[in-house]
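**Q** Pasting the sequence and the predicted coordinates here, then a few questions.
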Amino acid sequence: MRRLNDTWVRWQSKLEILPVSEVFIRAIYLTLIWSTIKLLLIGDVVWGEEWLHVLYTPFGNIDRFAMILNETAVRPYYLWFVVPFLALLIGGLLGLHNFFTRAVVWYLYVALHFGNVEISTGGHHLYQQLLFFHILFFRVSDRAGGIWAATRRLLHHLGFYAIWVNIALLYFASAYWKTFGEMWFSGQAMLMSISFEAYSFPGILALLPSNTWYLLIGTYAVFAYQLLFAIAIWIKPVRKPFLLFGLLFHLSIVFIVGLADFGVFMIASYSIFLAPSDARMLMERLSVIRLSRK
Amino acid sequence: MQNSRKQTLPSWLSWLFVVIFLAHFTAIVIHQFGKSTLPGRIVEVADRYASPWFFQNYEMFAPEPHTQINKFVYRAKSHGEWSTWKDPVYPHLQDLWSNRFGHGGDMYRIIGGIADKLYEGQHFIGFLEAPTPEQCFGLPGFQVAERYVLRQSEYADDPGLEGFQVGVLTEVHHMTEAGEVRVLYLFQPYPEKTVER
């Protein structure tokens, strides 16, 4: 109880995680800039009048604003969403962000994400949650006193660890639902996944007509990684090697499976697990913004 | 200690923040996992909270990885001649293979979405006693497929276009007892539709 109380006081007094939050914001903003520009090249189809998907507007009241790009009357004006979104992301990348800009980034992301559900992946859903919590990433000097500074530091910490919890939840949910199947237990899931040319390369079945020892190990390793993530991530000595495996796993999703958004978004979200000292060093090397030293 | 001198929130207020976060995650957990275990009323409240702003879908490659892929195909009648069946997604798939970071994968998934809707439409048609072409043409999948043919395909600006037909080609993979992948195909065409230009 005393330890909990000490943590509680520390969370209101100091913001040691600030460099990590700053690296995290830059990492996810950078990936969003890439993803948004890539989609802007086919913007008329993705968000505009040349849509090729079933528009989906099941909600009323304020919820309707989340699906606003599913309204045919709004779609011609999709650049009104994309351009400010990109501007705020670029600003954030340069360190120019505050509570208001972060909140607007979250809303614009929600609108653009739901504007075309066909391109959505688990990574897109995760980003929606992460961007919500990043609204709470207040920048407060360790020297600032008073109840307002304490409140903002506490909210920053709560938002920060909510992101940890949400990423852990993603992996746990992903593993939990796999336990209802058979192929993950029989070790055939990876072969089945990449047996489609669309999720690997042309001629894949001629190359891999049946399961191999490395695909079998890969299947079990991925299943175990997802099952253990929610626990392992809180154990400091195993965190780095564990995340290194995750990094390789998501790189394989980018280059083999071809789901680049999902893989890249997951890798960028791992920046939240950096140690504050590593994050501070990274920020200083990048020289984008000099964080005030304690 | 310097920190202990700093002003902190009243205990009740800091715990209130924690309770709000816990309530949020409780709703999300119920939204994710509660459907088969908790009373419908509770799940409904959690779903209403989570959707759309905090909607999450993490059933990735679960419970099984995908075992089938639907492909949207079409053919067109121009100047009295029917074309061969066209596969509009293949060029985007080639883009995806050559560049993992381009928009080939996005176009593949968007056009693949048309195929999935056409496939669902065929299920619906299967339940109709005597489906008419008009019923098929009114299905959401057919309507987006029609948008593709008339607005995006190579026939979009063809003044000689007289009609078109869409279909869905399903590639099903299954594992034999020997552990080998076998491939089956199912083709389900929709009725031909006349175009007046």
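**A** Looks like it arrived, so ask away.

**Q** Where do the domain boundaries of chain B fall?
**A** Split into domains by automatic domain parsing, chain B comes to B:11-54, B:68-194.

**Q** just checking, which of those sits deepest inside the structure?
**A** Stretch with highest mean neighbour count among those: domain B:68-194 (a mean of 17; mean count of other CB atoms under 10 Å in any protein chain shown). Where C-beta positions appear, they are placed from N, C-alpha and C, glycine not excepted.

**Q** For chain B, which segments count as strands?
**A** B:68-78, B:81-82, B:161-175, B:181-189, B:193-194 (DSSP state E).

**Q** a markdown table please, covering the ones you listed and showing mean pLDDT and distance to A:Gly122.
**A** Below are these laid out as a markdown table (pLDDT from 0 to 100; distance: least, CB to CB, whole Å):
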| stretch | mean pLDDT | distance to A:Gly122 |
| --- | --- | --- |
| strand B:68-78 | 97 | 18 |
| strand B:81-82 | 96 | 41 |
| strand B:161-175 | 96 | 22 |
| strand B:181-189 | 95 | 25 |
| strand B:193-194 | 96 | 37 |
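
**Q** export those strands to TSV and tack on distance to B:Val19?
**A** As requested, the strands of chain B are exported to TSV (distance: least, CB to CB, whole Å):
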stretch	distance to B:Val19
strand B:68-78	45
strand B:81-82	66
strand B:161-175	48
strand B:181-189	51
strand B:193-194	58
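
**Q** low-confidence ranges in chain B?
**A** B:1-5 (pLDDT under 70).

**Q** middle-most residue in it, spatially?
**A** What sits nearest the mean C-alpha location of chain B, by CA atoms, centre = their mean, is B:Gly113, with 4.5 Å.

**Q** Can you give me every residue that contacts that one?
**A** By CB atoms under 8 Å, 6 or more residues apart in numbering or on different chains, B:Gly113 lies in contact with A:Leu52, A:His53, A:Val54, A:Glu118, B:Val144.

**Q** CSV for those, including distance to B:Gln94?
**A** Below are the contacts of B:Gly113 laid out as CSV (distance: CB to CB, whole Å):
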residue, distance to B:Gln94
A:Leu52, 19
A:His53, 22
A:Val54, 26
A:Glu118, 19
B:Val144, 23
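
**Q** Return the member of those nearest to A:Pro19.
**A** Nearest to A:Pro19 among the contacts of B:Gly113 is A:Glu118, at 37.2 Å by CB to CB.

**Q** any idea of the pLDDT on the residue lying closest to B:Pro63 once chain neighbours are set aside?
**A** Take B:Pro63 and drop its neighbours on the chain: the residue closest to it by CB to CB, 6 or more residues apart in numbering or on different chains is A:Gly181, 3.3 Å away. Looking at A:Gly181, its pLDDT reads 91.

**Q** Let me know the helix or strand that A:Gly181 is in.
**A** If you go by DSSP states H and E, A:Gly181 is not part of any helix or strand.

**Q** again, but for the one 4 residues further on
**A** When secondary structure is defined using DSSP H and E, the element that contains A:Phe185 is helix A:183-186.

**Q** which element follows that helix toward the C-terminus?
**A** Counting by DSSP H and E, what follows helix A:183-186 is helix A:189-194.

**Q** That following helix vs chain B: in contact?
**A** Yes - against chain B, helix A:189-194 shows contacts by CB under 8 Å from any CB of the partner chain at A:Ala189, A:Met190, A:Leu191, A:Met192, A:Ser193.

**Q** Would you mind measuring from the second one to A:Ser252?
**A** It refers to A:Met190. To A:Ser252, A:Met190 is 10 Å away according to CB to CB, to the nearest Å.

**Q** So which of these two has more stuff around it?
**A** A:Met190 (28 against 15; other CB atoms under 10 Å in any protein chain shown).

**Q** The more buried one: what's it in contact with?
**A** A:Leu215, A:Leu216, A:Gly218, A:Thr219, A:Val222, B:Pro65.

**Q** between the residues you listed, which is nearest B:Gly104?
**A** Of the contacts of A:Met190, the one sitting nearest to B:Gly104 (CB to CB) turns out to be B:Pro65, at 21.4 Å.

**Q** can you give me the helices for the stretch 1-150 of chain A?
**A** Taking DSSP state H, counting those that start in this stretch as the test, the helices found in the stretch 1-150 of chain A are A:2-13, A:18-40, A:43-46, A:79-93, A:99-114, A:122-134, A:147-178.

**Q** Repeat that for chain B.
**A** Per DSSP state H, chain B carries helices over the ranges B:2-5, B:11-33, B:40-50, B:90-98, B:104-126, B:133-137, B:140-147.

**Q** Dig out what B:Val168 forms beta bridges with.
**A** For B:Val168, the beta-bridge assignment (DSSP bridges) gives partners B:Phe72, B:Gln188.

**Q** before we move on, the earlier item: can you flag which of the contacts of B:Gly113 belong to strands?
**A** Per DSSP E, the contacts of B:Gly113 never map to strands.

**Q** Which of these sits closest to A:Trp34?
**A** Of these, the one sitting nearest to A:Trp34 (CB to CB) turns out to be A:Glu118, at 19.0 Å.

**Q** could you measure B:Ile30 against chain A, distance?
**A** 12 Å (CB to the nearest CB, to the nearest Å).

**Q** which residues touch the nearest residue to that residue once chain neighbours are set aside?
**A** Nearest residue to B:Ile30, sequence neighbours excluded (CB to CB, 6+ apart): B:Ala46, at 3.8 Å. Residues near B:Ala46 by CB under 8 Å, 6+ apart: B:Thr26, B:Ala27, B:Ile28, B:Ile30, B:His31, B:Gly34.

**Q** rerun that using 7 Å as the cut-off
**A** Contacts for B:Ala46 (CB atoms under 7 Å, 6 or more residues apart in numbering or on different chains) come out as B:Ala27, B:Ile30, B:His31, B:Gly34.

**Q** Quick one: the residues you listed as JSON lines, columns for distance to A:Tyr171 too.
**A** As requested, these are exported to JSON lines (distance: CB to CB, whole Å):
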{"residue": "B:Ala27", "distance to A:Tyr171": "19"}
{"residue": "B:Ile30", "distance to A:Tyr171": "19"}
{"residue": "B:His31", "distance to A:Tyr171": "17"}
{"residue": "B:Gly34", "distance to A:Tyr171": "19"}
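
**Q** wait, B:Pro159 sits on B:His79?
**A** No - the pair B:Pro159 / B:His79 is not scored as a contact, 9.4 Å apart, by CB atoms under 7 Å.

**Q** Please determine how far the residue nearest to B:Pro63 is located from A:Arg10.
**A** For A:Gly181 relative to A:Arg10 (CB to CB), the value is 43 Å.

**Q** what do you get for B:Pro133?
**A** From B:Pro133 to A:Arg10 the distance is 70 Å (CB to CB).

**Q** Mind listing what's buried along stretch A:97-106?
**A** A:His97, A:Thr101, A:Arg102, A:Val105, A:Trp106 (16 or more other CB atoms under 10 Å in any protein chain shown).

**Q** which among the residues you listed gets closest to chain B?
**A** Of all those, the one with the least separation from chain B (CB to the nearest CB) is A:Trp106, at 9.2 Å.
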